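**Q** only geometry, no sequence info:
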């Protein structure tokens, strides 16, 4: 079985190392940036050397007609990768595992919805992998649990069996949209949590932000047709918790800088790695405007990042909104 990992950042490298434990596959990492030196040492983890049985290439011709493709790239590259796979792997009808955590900005929807509209022949082989999983900890083989979702459970089970190990446990789920929405939205809420930390707010503030942020994630998910229960699992509250509180979270770290007074561009340069929550904020903002969905935390994060609103004013406005019952749904309401 031939498996390709598209994307050689920290998460792509971590997943490739987990996959390499399965000796029944032939594994290739595709990258278009110079992430590895001549000794196959990864630039972000200088103690990690890629095993000899993993091939590395920057030529997509080397990975045509593979059996499985893991897309582990920033969201702005995912559509092009889906299109390339669709055009270059028809003879094998490959399984696609999308590991990117975000929406398609151009289409204002999840990537599963993009597949259903634009690459219908890939639909039944499409999976999404998500959950609380810092690459830094997976590489150290610290116990980690994630979820793989697909509308075709036989494909989800195949991925589950392919690289579950004694330190990397995979659950299956059939709610593809719910898993994708959770994966994208948790990055926005994590930026908000970081902003509060940068403002020196306390743990009460962060806890309130996370719980109300989870409510907003459920709101958007159910709008797209997701199962609300999915957000109580690994791709929802699980991933939100680790990203909002975790020391390895680049979205949280970016938010901390914003809370300390950095502007978007300077904060991004300081992080030196891709911050997926920035593009997710822009995309969800477009979705909200077009569909009259109310997500107060997401809206304030957008205003801070792109309208240069003072973060303290944004938090005050969140606290000063009309009082309401905790469990009332907010779609189409200004509450």
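**A** Ah, there it is. Just so it is clear, the structure is predicted and the values come from calculations on it, not from any experiment.

**Q** what's residue 26 in contact with, if anything?
**A** Each residue near residue 26 by CB atoms under 8 Å, 6 or more residues apart in numbering is listed here: 1-3, 55. Backbone N, C-alpha and C define where each C-beta goes, glycine included.

**Q** can you count the residues close to residue 20?
**A** By other CB atoms under 10 Å, 18 other residues sit near residue 20.

**Q** Equivalent analysis for the one 10 residues further on, please.
**A** Counted by other CB under 10 Å, the residues lying close to residue 30 total 24.

**Q** So in terms of bridging, what pairs with it?
**A** Counting by DSSP bridges, residue 30 forms beta bridges with residue 6, residue 57.

**Q** Enumerate every residue touching residue 283.
**A** 102-105, 108, 184.

**Q** could I get those as CSV with neighbour count, pLDDT and distance to residue 16?
**A** Below are the contacts of residue 283 laid out as CSV (neighbours: other CB atoms under 10 Å; pLDDT from 0 to 100; distance: CB to CB, whole Å):
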residue, neighbour count, pLDDT, distance to residue 16
102, 26, 90, 21
103, 30, 92, 25
104, 22, 92, 25
105, 16, 88, 27
108, 16, 88, 31
184, 28, 95, 23
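
**Q** which of those lies closest to residue 233?
**A** residue 184 (15.4 Å; CB to CB).

**Q** name the element that closest one belongs to?
**A** Here residue 184 sits within helix 176-198, counting by DSSP states H and E.

**Q** and that helix, how far from the chain's centre?
**A** Using CA atoms, centre = their mean, to the nearest Å, the distance from the centre of helix 176-198 to the centre of the chain it belongs to is 9 Å.

**Q** what comes up buried for the helix or strand following that helix?
**A** Heading C-terminal from helix 176-198, the first helix or strand you meet, by DSSP H and E, is helix 203-223. Neighbour counts over helix 203-223 (16 or more other CB atoms under 10 Å) mark 205-206, 209-210, 212-222 as buried.

**Q** got it, and stretch 124-142?
**A** 125-139.

**Q** What is the nearest of these to residue 10?
**A** Out of the buried residues of stretch 124-142, the member with the shortest distance to residue 10 (by CB to CB) is residue 135, at 4.0 Å.

**Q** mind checking how far that closest one is from residue 187?
**A** The gap separating residue 135 from residue 187 is 15 Å, by CB to CB, to the nearest Å.

**Q** one step back: which members of the contacts of residue 26 are classed as buried?
**A** Neighbour counting by 16+ other CB under 10 Å classes 2-3 among the contacts of residue 26 as buried.

**Q** now, which of the contacts of residue 26 sits nearest residue 72?
**A** residue 3 (12.0 Å).
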